[in-house]
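A.B. asks: Give the three-dimensional model of this entry:
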Amino acid sequence: MTIDDYIASLKKETFPPGLPAPLQALWHEARGDWESAHKIVQGEDTAEAAWVHAFLHRKEGDAANAAYWYRRSKRPVSTDSLDSEWRSIAGDLLASGNVS
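C.D. replies: Here you go, the predicted structure:
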């Protein structure tokens, strides 16, 4: 799946089948459902989920909590715009090959 396919899927009622939890969370967040996104990544124990978790708390405005999750993801705290970071995370996760 390309980033363009993923972004196009945001217009649909459900996310594409086969998406791993971090991409499911980003999908929900992009559709304005922060709570569902947070629930999804909160239950995951991977660096990818921690990265999305960090992004969610950054978007929420909780810099301290975001910094904690960036450390857990082994990534630096982002200074990009939120839109740019969302796209970067999604693109990276899609490129990792864990998506059918």
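A.B. asks: Could you pull up the residues touching the closest residue to residue 2 other than its chain neighbours?
C.D. replies: Closest residue to residue 2 apart from its sequence neighbours, by Cβ to Cβ, 6 or more residues apart in numbering: residue 94 at 7.0 Å. (Glycine included, C-beta is placed from N, CA and C.) With contacts defined as Cβ atoms under 8 Å, 6 or more residues apart in numbering, the neighbours of residue 94 are 1, 2, 3, 6, 23.
A.B. asks: where does this protein have low pLDDT?
C.D. replies: 97-100 (pLDDT under 70).
A.B. asks: quick one: the helices in it?
C.D. replies: Assigned by DSSP state H, the chain shows helices spanning 3-8, 21-30, 34-42, 47-60, 63-73, 82-95.
A.B. asks: For residue 40, state which of the contacts of residue 94 is nearest.
C.D. replies: Ranked by distance to residue 40 (Cβ to Cβ), the contacts of residue 94 are led by residue 23 at 9.5 Å.
A.B. asks: Touching, the closest one and residue 90? I think so.
C.D. replies: Yes: counting by Cβ atoms under 8 Å, residue 90 is a contact partner of residue 23 at 6.8 Å.
A.B. asks: any common contacting residues for these two?
C.D. replies: Counting by Cβ under 8 Å, 6+ apart, the residues touching both residue 23 and residue 90 are residue 6.
A.B. asks: Would you mind telling me which of those two has the busier surroundings?
C.D. replies: residue 23 (25 against 19; other Cβ atoms under 10 Å).
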